[in-house]
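Undergrad: after the sequence you'll find the predicted model.
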Amino acid sequence: MQPGGIAKGLVKAVLPRSLRRKIQRALQPTVAEGWERYAKAFPRQSGRFLGDEWTEPAEMGVDAAPEEVVSYLDRRVFAPFLGTCEVLLEIGSGGGRFTEILLPKCERLIAAEAAPTMLKHLRERFADSPKLEYLVVEGSSLAPLADDSVDAVFSYGVFVHLHHWDIFNYLREVARVLKPGGPAIIEHANTLSELGWATFLQDVPRCAGHHKAAGAFTPMTPELMRGFCERAGLEVVDCLTDVVRRDAITLLRA
Ligand SMILES: C[S@@+](CC[C@H](N)C(=O)[O-])C[C@H]1O[C@@H](n2cnc3c(N)ncnc32)[C@H](O)[C@@H]1O
């Protein structure tokens, strides 16, 4: 038996199951801690912004060159649906891959992030922008924001990773903070698309028998998302599955 195996066996023999579970849970990083580690480990002076590494057109199923992906999505979907407004809320800004194209669309941009170091990256990248406001959030609540206080909401690359319960809670929060009629764009997984299914199969070995692994995609379909959105009090305007063919982009109104 390996030394690690002996230690494991000893722990199992000595500690009751409930206590072992509690310890395991305490040692597991939370979602925010996981992203915090990612942001801290990202090399600052690499000449790349955090998030550039996620712009892989073939993986995403986008018909654009890597450096064109963000502007292509903006032209095709984001700009026409969002228009311009006073207060825009971005949930999970990361290193600002989409913040860059959101800033010109508003007077104030609230970047809501679970990982404080992501906000540091954002501050460095947009040091000159007085429009940006930084908000650390925990999980799926937008508690510091008042009812009907934002004109539009945007989130990309975040709901693909959230648990269903957090997705639903966030949608309820979006319905609360968004002014009546205001638009929201949420990108999420589309597990039954061809590329979505390939992603799901890749995630099976690291998730089977465990809680969802940090970077794994949460199984989701346009139908389930529609059900969540409508029950959260949002109107589903459209769900686009042909722009980022691995995922889906749901267009909503409060
Ligand atoms: C894959 S990154 C995407 C970042 C950025 N939107 C992009 O597309 O480049 C996911 C981001 O969401 C943040 N995040 C994860 N869970 C969150 C939550 N519950 N609320 C707010 N932000 C969250 C992470 O800290 C991370 O910055």
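TA: Perfect, I can see it now.
Undergrad: contacts only, for whichever residue of the stretch 151-254 of the chain sits closest to the ligand.
TA: Here the residue of the stretch 151-254 of the chain nearest the ligand is Gly157; by C-beta to the nearest ligand atom that distance is 3.1 Å. The C-beta positions use only the backbone N, C-alpha and C, and glycine is treated the same way. By C-beta atoms under 8 Å, 6 or more residues apart in numbering, the contact set of Gly157 is Gly51, Trp54, Gly92, Gly94, Arg97, Glu187.
Undergrad: for it, phi and psi?
TA: phi 80, psi 10 (degrees, to the nearest 10).
Undergrad: tell me how far it lies from Trp35.
TA: 11 Å (C-beta to C-beta, to the nearest Å).
Undergrad: equivalent analysis for Val243, please.
TA: Counting by C-beta to C-beta, the gap from Val243 to Trp35 is 25 Å.
Undergrad: next: Arg245.
TA: On the measure of C-beta to C-beta, Arg245 and Trp35 end up 26 Å apart.
Undergrad: which one's more surrounded, those two?
TA: Trp35 (23 against 17; other C-beta atoms under 10 Å).
Undergrad: strands paired with the helix or strand harbouring Ile186, and their directions?
TA: Using DSSP states H and E, Ile186 sits in strand 183-189. In the sheet, strand 183-189 lines up against strand 152-155 (parallel), strand 247-253 (antiparallel) (DSSP bridges).
Undergrad: next secondary structure after the shortest one?
TA: On the C-terminal side of strand 152-155, the closest following helix or strand by DSSP H and E is helix 164-177.
Undergrad: quick check: buried residues in that next one?
TA: By 16 or more other C-beta atoms under 10 Å, the buried positions in helix 164-177 come out as Asp166, Ile167, Phe168, Asn169, Tyr170, Leu171, Arg172, Glu173, Val174, Ala175, Arg176, Val177.
Undergrad: quick one, phi psi at Leu109?
TA: Torsion angles at Leu109 (phi, psi; degrees, to the nearest 10) stand at phi -120, psi 120.
Undergrad: ok, it to the ligand distance?
TA: Using C-beta to the nearest ligand atom, to the nearest Å, Leu109 is found at 13 Å from the ligand.
Undergrad: how many neighbours does that residue have?
TA: Neighbours around Leu109, by other C-beta under 10 Å: 25.
Undergrad: show me what contacts Val31?
TA: In this structure, Val31 makes contact with Ala114, Gly139, His161, Leu162, Ala214, judged by C-beta under 8 Å, 6+ apart.
Undergrad: check Glu53 too.
TA: Residues counted as contacts of Glu53 (C-beta under 8 Å, 6+ apart): none.
Undergrad: one step back: out of the strands paired with strand 183-189, which is the most enclosed?
TA: Most buried of the strands paired with strand 183-189, by mean neighbour count (mean count of other C-beta atoms under 10 Å): strand 152-155, with a mean of 26.
Undergrad: about what we covered before: just the buried residues from the contacts of Val31, in PyMOL please.
TA: Selection of the buried residues among the contacts of Val31 in PyMOL, burial being defined by 16+ other C-beta under 10 Å:
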select buried, resi 114+161+162+214
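Undergrad: near the ligand, which residues of the stretch 101-250 of the chain? Just list them.
TA: Within the stretch 101-250 of the chain, the positions adjacent to the ligand are 112-115, 118, 137, 139-140, 156-158, 162, 166 by C-beta under 6 Å from any ligand atom.
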